[in-house]
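> Below are the sequence and a predicted model for it; my questions follow.
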There are 2 protein chains.
Amino acid sequence: MSFKKPFQKAEFEQRVANVKQRMEAAGFDLLICQDPANMGWLTGFDGWSFYTPQAVLVHLEEASPIWFGRAQDAKSAHITTDLPAENIVGFSEPLVHHPVRHPFDELCELVIARGWGSARIGVELDAHYYTARAHQHIVEGLPNATISDNQGLVNWARLVKSEAELVYMREAGRIVTDTMNQALARLKPGVRQFEIIAEVYHAQITGFDNKFGDYTSLCPLIQVGEGTSTPHLTWTDEPLPDRGLIAMELGAARRHYHAPLTRTAHIGKPPAEVSRLTEVIIEGGDIALRAAKPGTTCAEIEAIWQDVLKRNGYSKESRVGYSIGLNYPPDWGERTASLRPGDTTELQAGMCFHFQSGVWLDDFGAAVSEPFVVTESGGERLCDVARELIVVD
Amino acid sequence: MSFKKPFQKAEFEQRVANVKQRMEAAGFDLLICQDPANMGWLTGFDGWSFYTPQAVLVHLEEASPIWFGRAQDAKSAHITTDLPAENIVGFSEPLVHHPVRHPFDELCELVIARGWGSARIGVELDAHYYTARAHQHIVEGLPNATISDNQGLVNWARLVKSEAELVYMREAGRIVTDTMNQALARLKPGVRQFEIIAEVYHAQITGFDNKFGDYTSLCPLIQVGEGTSTPHLTWTDEPLPDRGLIAMELGAARRHYHAPLTRTAHIGKPPAEVSRLTEVIIEGGDIALRAAKPGTTCAEIEAIWQDVLKRNGYSKESRVGYSIGLNYPPDWGERTASLRPGDTTELQAGMCFHFQSGVWLDDFGAAVSEPFVVTESGGERLCDVARELIVVD
């Protein structure tokens, strides 16, 4: 089967080497990674099997990572990765949703059989699919190991993107640009929300020049009227009003690398308060992006943005951005650096962020966000949709 | 905002009453539910915010559930539920992805402030988004409580669907019927996989008669050629071959109620081994569905199916089905009853299953699945796609 791997083998080797350096510094012999983005980043493994327990193991003294998962998905690992066959291990089918036993019982047996039963093991204590029960089985199954949270060690290793990764980030930006422009062009009174979303999905997957899109880690989001005051509602059958506010947050994923984008539109002449809020958001975002150069901290970017808001009588309590890159549902954020007070992460060239400048007031909200990559000359936008309140006549 | 709630208030009250009975029987005063399907089923809460810690609490002595989540999503709870305003509680924004503190620290404070600090608490130890770290914060924050796994108490309460729920299940069946038929009609040599998937998404969301679809808990899956030997690969830019096997697993979701469906197609005259495997799968499925009446156990259904396979020289190690209904990514299974050896759950009218009759051999696989609802006269199919190996000339 001619599966096109997204990266050269050398890129995966370099990632594993990077992670091993971090493991040594942090005092881990072995990592157990369940986050599908970490599994994919380390090995290339791809497939919608993350609803079942699975993991990639990295051991300091083992050249290649080990894939562990459901037997029926092991074949996906053979197809999508370059891992040696002996490092692809399937667990027994009866362990799926078993009330007493757990697939990770066999993971523990594997760890012990490899001679790593007394290792210093770093687990992903807060990864979405690493459940409390999974952890209990790891702890009970490896009584001689020292098990602790690796605090997103691989997530942090993913923060600065390689040139090869940036190609996908920019392609994702191009797809979401086209997708958002198509969605905006469809905003008219009487069009039902789901009709727009159906087109959005079509555009997200179609991509451009046969550069197709993958499923995105968040579904497309649309809010209308009062619904714009909260960011995560999904579509309904409601027709768009003759006059009113609409916010959309859409992403695109290219080989699972994500570019998310938010725009706010108004059908009919916008109220002054909406225009004003949007102008302030755009001004604040522009100034922040210009400042997003290597050496500036995440907190400093947030402060620059917050100053513009404050000067205009607004504030935003939630963080104004987060790192993005390779990801799987349910979130396209990397759960590492955030643009918010107290985050002292220094920007480096190749880091990517979603500058999520949404401001949600009591009765309405607005957002004009941008995904960007940090460069020597500031934040380079990954998208090219008009930075303005879109007015639908 | 005119959000159309999917059910009457009385239906939610009846669900909560059902859950409270189960809590009394199991010895719980308080449930903490993080599974988005459980949160939605108990309250109607809807929104793509499950990537962040959130929960619905049910206490025996509190009339209504309590929603707890991110402050910016509390408004979604006000819009999508009938919960009293004082039972919608947002946590402080700085707790998002905080390295030391966790949103559930404030959940514990809420539990204590309500006077429930010494309660017998049931948590969802194996729910996808209930991470090991979340559990540690619950345990540390409620030192006087007795905390244990509720073993999917709410998931089990969801097993038998109400008439109102079955309306959505059948509508989902209708949407996936249309979606699969459209996808099958597009199978032609040279068509690229993603082009089919783009149409699938469009059909899933468009639905019929303004009965739109929601995002599905699994993405559409397509496998071609050798890829059919493993079930969870996703689409590529590969053109369909002049001759070869194709498997698709597609779902549709109506107000988040899911009907999943699998079909196998062959471009060109199918090899005898493929036709034969498919015929056996269909025969086994037909016999099993006829037997799916109240009183029969899940294991008995599996045995009936397995007999047909064995008689024909095949076997299937993985379970042949699982309960379905309301769900959110990453899985449309309810993680309760499975059609497999040892599952003594007795079928009842109104239970719904995906009869997932995929058989994956070393070099290829085939599946002709059916979602069905248990009725007095056997399994009633929710879909109406031809039960056959689809041959594309």
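Received the coordinates, thanks.
> For A:G333, what are phi and psi?
Note on A:G333: its backbone torsions stand at phi -80, psi 150 [degrees, to the nearest 10].
> just checking, it touches A:L326?
No. With contact defined as C-beta atoms under 8 Å, A:G333 does not reach A:L326; the gap is 11.5 Å. Any C-beta I mention is one placed from the backbone N, CA and C, and that applies to glycine too.
> Please say which of the two ends up with more neighbours.
Taking other C-beta atoms under 10 Å in any protein chain shown, A:G333 and A:L326 do not tie; A:G333 has more neighbours (26 against 23).
> Pull the contacting residues for the more buried one.
A:Y322, A:S323, A:I324, A:N327, A:H354, B:Y51, B:H97 (C-beta atoms under 8 Å, 6 or more residues apart in numbering or on different chains).
> Quickly list what it is bridged to.
Beta-bridge pairing of A:G333 under DSSP bridges involves A:I324.
> Equivalent analysis for A:W67, please.
According to DSSP bridges, beta-bridge pairing links A:W67 with A:V56, A:I88.
> If you tally nearby residues, what's the number for it?
By the criterion of other C-beta under 10 Å, A:W67 has 26 neighbours.
> That one: what's it in contact with?
By C-beta under 8 Å, 6+ apart, A:W67 lies in contact with A:M39, A:T43, A:F45, A:Q54, A:V56, A:A74, A:A77, A:T81, A:L83, A:N87, A:I88, A:V89.
> A:A259 pairs with what?
A:A252.
> what about the closest residue to A:T80 other than its chain neighbours, which SS state?
Leaving aside its sequence neighbours, A:T80 sits nearest to A:D46 (C-beta to C-beta, 6 or more residues apart in numbering or on different chains; 4.6 Å). Under DSSP: H, G, I helix; E, B strand; the rest coil, the three-state class of A:D46 is coil.
> Now do stretch A:144-156: distance from first to last residue.
28 Å (C-alpha to C-alpha, to the nearest Å).
> Show me which positions of that stretch end up buried.
A:A145, A:I147, A:D149, A:N150, A:G152, A:L153, A:V154, A:N155, A:W156 (16 or more other C-beta atoms under 10 Å in any protein chain shown).
> from these, which is closest to A:A25?
A:L153 (9.4 Å; C-beta to C-beta).
> circling back: from the buried residues of stretch A:144-156, which land in strands?
Cross-referencing these against strands under DSSP state E gives A:I147, A:D149.
> pLDDT at the closest residue to A:V224 other than its chain neighbours, what is it?
Closest residue in space to A:V224, ignoring its immediate chain neighbours: A:I246 at 5.2 Å, by C-beta to C-beta, 6+ apart. According to the prediction, A:I246 has pLDDT 95.
> Quick check: phi and psi at A:I246.
Per degrees, to the nearest 10, the backbone of A:I246 is at phi -140, psi 130.
> That one: what's it in contact with?
A:L187, A:I222, A:Q223, A:V224, A:T228, A:L240, A:T264, A:A265, A:H266, A:I267.
> Can you give the strand pairings for the helix or strand bottoming out on mean pLDDT in chain A, parallel or anti for each?
Lowest by mean pLDDT, DSSP states H and E among the helices and strands of chain A is strand A:359-360, with a mean of 80. If you go by DSSP bridges, strand A:359-360 pairs up with strand A:365-366 (antiparallel).
> And the next helix or strand past the strand it pairs with?
Downstream of strand A:365-366, the first helix or strand assigned by DSSP states H and E is strand A:370-375.
> Check which strands are paired with the helix or strand that that next one is followed by and give the direction for each one.
As assigned by DSSP H and E, the chain's next helix or strand after strand A:370-375 is strand A:378-381. If you go by DSSP bridges, strand A:378-381 pairs up with strand A:370-375 (antiparallel).
> Quick one: mean pLDDT over the partner strand.
Averaging pLDDT along strand A:370-375 gives 98.
> do stretch A:196-207 as well
For stretch A:196-207, the per-residue pLDDT averages 98.
> what's that stretch in contact with?
A:171, A:175-176, A:178-179, A:182-183, A:186-187, A:212-213, A:216, A:220, A:222, A:235, A:248, A:250-254, B:194-195, B:197-199, B:201-202, B:204-206, B:235.
> Now with 6 Å, please.
Taking contacts as C-beta atoms under 6 Å, 6 or more residues apart in numbering or on different chains, the residues outside stretch A:196-207 that touch it are A:175, A:178-179, A:182-183, A:186, A:213, A:220, A:235, A:250, A:252, B:194, B:197-198, B:201-202, B:205-206.
> do stretch A:36-48 as well
Outside stretch A:36-48, the residues within contact range by C-beta under 6 Å, 6+ apart are A:5, A:33, A:50, A:56, A:65, A:67, A:73, A:76-77, A:80-81, A:83, A:154, A:158, A:326-328, B:218-219, B:232-233.
> cool, stretch A:219-234 as well?
If you take C-beta under 6 Å, 6+ apart as the criterion, stretch A:219-234 is touched by A:193, A:197, A:200, A:235, A:244-250, A:358, A:360, A:363-365, B:1, B:47-49, B:72-73, B:75-76, B:215.
> Using PyMOL, make a named selection holding only the buried ones among those.
To isolate the buried ones among the contacts of stretch A:219-234 in PyMOL, judged by 16+ other C-beta under 10 Å, type:
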select buried, (chain A and resi 193+197+200+235+244+245+246+247+248+249+250+358+360+364+365) or (chain B and resi 1+47+48+49+72+73+75+76+215)
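> and the contacts of stretch A:219-234, which of them are in strands?
A:G244, A:L245, A:I246, A:A247, A:M248, A:E249, A:L250, A:W360, A:G365.
> how about the contacts of A:I246 in a markdown table, adding secondary structure?
Output for these, formatted as a markdown table (three-state DSSP):
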| residue | secondary structure |
| --- | --- |
| A:L187 | coil |
| A:I222 | strand |
| A:Q223 | strand |
| A:V224 | strand |
| A:T228 | helix |
| A:L240 | coil |
| A:T264 | strand |
| A:A265 | strand |
| A:H266 | strand |
| A:I267 | strand |
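> Show the end-to-end separation of stretch A:119-137, please.
Taking C-alpha to C-alpha, the first and last residues of stretch A:119-137 lie 16 Å apart.
> same check, this time on stretch A:98-117
24 Å.
> got the contact list for it?
Contacts of stretch A:98-117 (C-beta under 6 Å, 6+ apart): A:L30, A:P53, A:F68, A:V89, A:F91, A:L95, A:A134, A:H137, A:I138, A:G141, A:L142, A:N144.
> repeat that for 7 Å
Outside of stretch A:98-117, the residues within contact range by C-beta atoms under 7 Å, 6 or more residues apart in numbering or on different chains are A:29-30, A:53, A:55, A:59, A:68, A:89, A:91-92, A:95, A:133-134, A:137-138, A:141-142, A:144-145.
> With respect to chain B, which of the ones in strands among the contacts of stretch A:219-234 is nearest?
Set against chain B, the nearest of the ones in strands among the contacts of stretch A:219-234 by C-beta to the nearest C-beta is A:W360 (5.9 Å).
> and the nearest residue to the closest one once chain neighbours are set aside, what pLDDT?
Distance criterion C-beta to C-beta, 6+ apart; nearest residue to A:W360, sequence neighbours excluded, is A:S229 at 5.4 Å. According to the prediction, A:S229 has pLDDT 82.
> Helices along the stretch 201-350 of chain A, start to end?
A:272-291, A:298-311 (DSSP state H, counting those that start in this stretch).
> ok, the residue nearest to the spatial centre of chain A to B:I147 distance?
Central residue of chain A (C-alpha atoms, centre = their mean): A:W332, 2.0 Å from the mean position. Distance, A:W332 to B:I147, using C-beta to C-beta, to the nearest Å: 32 Å.
> near chain B, which residues of the stretch 1-150 of chain A?
Contacts of the stretch 1-150 of chain A with chain B, taken as C-beta under 7 Å from any C-beta of the partner chain, map to A:1-4, A:47-51, A:72-73, A:75-76, A:79, A:93, A:96-97, A:125-135, A:149.
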